[in-house]
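>>> predicted model and sequence below, questions to follow.
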Amino acid sequence: MRSAIHTVDYLVLIGYLLLMAGVGAYFMRYMHGGTDFLKGGNRVEWWVAGLASFMSGFSVWTFTGGAGFAYRNGVIGISLMLLAVPAFFIGWLVFAKLWRRSRVATVVEYIRSRFGDGTHKTFSWMTAPSQLMFGSVKLFALSSFISIATGVPVEYLIIVCGAVILLYTVLGGYWAVCFTDMFQFMFLFPVACVLMVLSLIDVGGVGGFVEKAPAGFTNPFAGEYGWLFLAAYTVSQTVGYNNFGNAQRYFCAPTESDARKISILCMVLFALGSLVFYLPPLIARVTMPELATAANGLQQPTEAAYISMGVRLLPPGLVGVLLAAMLASSMASLSTINHVVTGIVAKDLYQGYFRRDATDTHMLTASRLASLLVGALMVLVALVFARGVTGIFTLLFILESIFLLPLGLPLLYGFVVKRGPWWSAVFAYGVGASTSLVVNFYLNRYLGWHLNETYLIGIPAVTTTIAFFIPVLLFKPSGEFAGRVAEFFRRLGTPIDPAKELGEVGMSGRGQLAIVGKVTTGIGLACFLMLFANSSGRELIITLIYSTVTTLIGLGFVLAGRTPGAARRAEAEAAAGVPGAELRVKE
């Protein structure tokens, strides 16, 4: 892979990392207290949070393990992303509004409100380490792949990528996390669209692909995966996209209507993304059949399908943009994990058990220190993995089957079920996690059953659900816990009052449009410099189209963010402290 990577591609990667670091420094000015750091004062616009949710919804695995799955198994690979659509539909229908009405700052804070201190302690100590482990595995996976592509030692990449993520999350908090995800989307989506179009042209269009594809390749049920896999994976996606990092997008939205708009935007983006990101590896099966046996440094050679199509079809400079885009997808996921764990450590553990009377200013400092600690631990564990761990993508999937479903399902059930004792969620987690360990390590490793992902997901989902609802059917809330549950559901039944509950305006909606537009325009204009690295007419045309489209998108955001006269007056009134002006600024 490295033979087609030029000096300009390395310069693009370096420029991208510097941009991400600069974003954190910029948003430092909006950090006035712990609420700003953890929730952005509930003032981050829904479209920014929606794009951030989309970006944090996948990682380099999408372009490696997921791409390899599509290359080997055919069009059913599209479901790896497409099934996020029903997951976000359920979020729009049920959970987006409920998360916002829960009025929490972290997912674990919700657990205390719904299930009490006993469950809160258990889930705090389980969620933080498990999410930290996910982050370390993803950081190592990302660095391993970029190392193979560029030749830079994996340890150096772990430290550099980890340091950049640390810099912008520690300085800029939730604002920086969301806006870096937004800028990463501007890096990722245009070049992915260019690669999809070039891939279709390369194979002779949709008709050429269907005609040349292997037998059964376009039939989603021709192989070992079928309806059961799709059903199990839908459950997994529903739990993942309505919990933890994505739940944070919901409860940090300005209003419950904005929270539901995040779901709608994600449905659209994941529907488009399933084609944009998975058509190239599917087409690679036709145009590059040798990938199945090519030695490229990866345990599964087919996991190079996506980047191989990029190297094959993209001109110099845009290969660097593609690598930066793959880097962006994982950095978005990693920064979200860092912020989720930071919230648990600072808000739920530190403030909850040691400094209940901590001021908002004190919590800002505590949150920054917690973010620094979490990021440093993530880097250190990733460096341990770099000393000899193999099968990293399999390890990531096993971790998800042990923690994601058993932890996530009880949390979602707790929103819609009022019955049950305080320990119902803990009991469900214990049963689900134990079942997953039995399937992964006894049935598959010891007995050699080789159960595929359908069973790794489906069996723990079923046992977790049964274990949650057995005590729900047998017991009613009682005593002090019954009062806690009644208060929680009273809060869920109370709509958000923006005039009373929103924090101060850190940056108006138009201001958020403007900054996205300015940075995107800058990215587009900088991309014109890549024309000097192109030699053929084809390369010049592709680079020119990409740079022009990116610049025009940025200018569109800039124009949308221009402040009309009435809004300028409202901003002036807000600065002068006129009552009610802050809400008019947002509008």
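Structure received.

>>> from here on, just use CA atoms for contacts and neighbour counts.
Fine.

>>> gap between residue 302 and residue 265?
The gap separating residue 302 from residue 265 is 31 Å, by Cα to Cα, to the nearest Å.

>>> pretty sure residue 254 contacts residue 502?
Yes. Residue 254 sits in contact with residue 502 when judged by Cα atoms under 8 Å, with a separation of 6.8 Å.

>>> tell me which of residue 302 and residue 265 has more neighbours.
A direct count of neighbours by other Cα atoms under 10 Å for residue 302 and residue 265 places residue 302 higher, at 29 against 18.

>>> sec struct for the more buried one, please.
Look at residue 302: counting by DSSP: H, G, I helix; E, B strand; the rest coil, its state is helix.

>>> wait, what's in contact with the closest residue to it other than its chain neighbours?
What sits nearest to residue 302 in space, not counting adjacent residues and going by Cα to Cα, 6 or more residues apart in numbering, is residue 68, at 4.7 Å. Applying Cα atoms under 8 Å, 6 or more residues apart in numbering to residue 68 gives the contacts 281, 300, 301, 302, 303, 304, 305.

>>> next one: residue 374
By Cα under 8 Å, 6+ apart, the contact set of residue 374 is 132, 338, 341, 342.

>>> name the helix or strand for it, please.
Per DSSP states H and E, residue 374 falls inside helix 360-385.

>>> now residue 129
Here residue 129 is assigned to helix 117-150, by DSSP H and E.

>>> which SSE is immediately downstream of that helix?
Next helix or strand after helix 117-150 toward the C-terminus (DSSP H and E): helix 154-203.

>>> quick one: that next one to helix 360-385, angle?
Our comparison of helix 154-203 with helix 360-385, counting by axes from the mean of the first three to the mean of the last three Cα atoms, to 10 degrees, yields an angle of 80 degrees.

>>> hang on, the earlier thing: buried stuff in the helix holding residue 129?
The neighbour-count check on helix 117-150 (16 or more other Cα atoms under 10 Å) flags 119-121, 123-124, 127-128, 130-150 as buried.

>>> then stretch 531-545?
Here stretch 531-545 shows 531, 533, 534, 539, 540, 542, 543, 544 as buried, counting by 16+ other Cα under 10 Å.

>>> contacting residues around the first one?
Residue 531 is in contact with 540, 543, 544, counting by Cα under 8 Å, 6+ apart.

>>> who's in contact with the closest residue to residue 342 other than its chain neighbours?
Closest residue to residue 342 apart from its sequence neighbours, by Cα to Cα, 6+ apart: residue 371 at 5.1 Å. Each residue near residue 371 by Cα under 8 Å, 6+ apart is listed here: 166, 169, 170, 338, 339, 341, 342.

>>> out of the residues you listed, who's the most crowded?
residue 169 (33 neighbours).

>>> quick revisit: what's the lowest-pLDDT member of the buried residues of stretch 531-545?
pLDDT across the buried residues of stretch 531-545 is lowest for residue 534, at 69.

>>> spatially, which two of the contacts of residue 68 are the most separated?
By the measure Cα to Cα, 281 and 300 form the most distant pair in the contacts of residue 68, at 13.8 Å.

>>> tell me which of the two has more neighbours.
Shown here are residue 281 and residue 300; by other Cα under 10 Å, residue 281 has more neighbours (34 against 18).

>>> report the angle between the helix or strand harbouring that one and helix 154-203.
Taking DSSP H and E as the criterion, residue 281 maps to helix 256-287. For helix 256-287 against helix 154-203, the angle by the same axes, to 10 degrees is 70 degrees.

>>> now do helix 256-287: distance to the chain's middle.
13 Å (Cα atoms, centre = their mean, to the nearest Å).

>>> and it, what's its mean pLDDT?
For helix 256-287, mean pLDDT is 92.

>>> for that helix, buried residues please.
Residues 256-267, 269-271, 273-287 are the ones in helix 256-287 that count as buried (16+ other Cα under 10 Å).

>>> the helix holding residue 374: which residues count as buried?
Buried residues in helix 360-385, counted by 16+ other Cα under 10 Å: 363-383, 385.

>>> next SSE downstream of it?
Counting by DSSP H and E, the element after helix 360-385 in chain order, helix or strand, is helix 392-416.

>>> any idea what sits nearest residue 370, other than its immediate chain neighbours?
residue 342 (5.5 Å).

>>> ok, now which ones touch the one you found?
367, 370, 371, 374.

>>> helix, strand or coil for residue 541?
Applying three-state DSSP: residue 541 is helix.

>>> and it, what does it touch?
Residue 541 neighbours (Cα under 8 Å, 6+ apart): none.

>>> kindly state the pLDDT recorded for it?
Listed pLDDT for residue 541 reads 88.

>>> next: residue 163.
Per-residue confidence for residue 163 comes out at a pLDDT of 82.

>>> so how far is residue 157 from it?
For residue 163, the distance to residue 157 (Cα to Cα) stands at 10 Å.

>>> next: residue 20.
15 Å.

>>> and these two? Which one has more around it.
Between residue 20 and residue 157, counted using other Cα under 10 Å, the more crowded position is residue 20 (24 against 18).

>>> excluding sequence neighbours, find me the nearest residue to the more buried one.
Sequence neighbours aside, residue 180 is the residue nearest to residue 20 in space, at 6.2 Å (criterion: Cα to Cα, 6+ apart).

>>> so the one you found makes contact with residue 18?
No. Counting by Cα under 8 Å, residue 180 does not reach residue 18; the two are 11.6 Å apart.

>>> which one of the two is surrounded by more residues?
The residue with more neighbours, out of residue 180 and residue 18, is residue 180; 30 against 12, by other Cα under 10 Å.

>>> so the more buried one versus residue 520, what's the distance?
11 Å.

>>> kindly report the same for residue 346.
The gap separating residue 346 from residue 520 is 33 Å, by Cα to Cα.

>>> between these two, tell me which one has more neighbours.
residue 520 (27 against 24).

>>> ok, now how distant is the residue lying closest to that one once chain neighbours are set aside from residue 308?
Distance criterion Cα to Cα, 6+ apart; nearest residue to residue 520, sequence neighbours excluded, is residue 554 at 4.6 Å. Look at residue 554 and residue 308: by Cα to Cα, they are 29 Å apart.

>>> who's more crowded, those two?
Set residue 554 next to residue 308 and count neighbours by other Cα under 10 Å: residue 554 wins out with 26 against 20.

>>> residues touching that one, list them.
Residue 554 is in contact with 516, 517, 518, 519, 520, 521, 522, 524, counting by Cα under 8 Å, 6+ apart.

>>> tabulate those residues (JSON lines), appending distance to residue 245, pLDDT and secondary structure.
Output for these, formatted as JSON lines (distance: Cα to Cα, whole Å; pLDDT from 0 to 100; DSSP: H, G, I helix; E, B strand; the rest coil):
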{"residue": "516", "distance to residue 245": "22", "pLDDT": "79", "secondary structure": "helix"}
{"residue": "517", "distance to residue 245": "25", "pLDDT": "83", "secondary structure": "helix"}
{"residue": "518", "distance to residue 245": "27", "pLDDT": "85", "secondary structure": "helix"}
{"residue": "519", "distance to residue 245": "25", "pLDDT": "83", "secondary structure": "helix"}
{"residue": "520", "distance to residue 245": "25", "pLDDT": "85", "secondary structure": "helix"}
{"residue": "521", "distance to residue 245": "29", "pLDDT": "89", "secondary structure": "helix"}
{"residue": "522", "distance to residue 245": "29", "pLDDT": "86", "secondary structure": "helix"}
{"residue": "524", "distance to residue 245": "30", "pLDDT": "85", "secondary structure": "helix"}
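
>>> for residue 340, see how far away residue 258 is.
Remark: distance between residue 258 and residue 340 (Cα to Cα) = 20 Å.

>>> can you pull the contacts of residue 248?
Taking Cα under 8 Å, 6+ apart as the criterion, residue 248 is in contact with 39, 105, 106, 107, 340.

>>> got the angle for the host helix or strand of it vs helix 154-203?
Per DSSP H and E, residue 248 falls inside helix 244-251. Angle, helix 244-251 to helix 154-203, by the same axes, to 10 degrees: 80 degrees.
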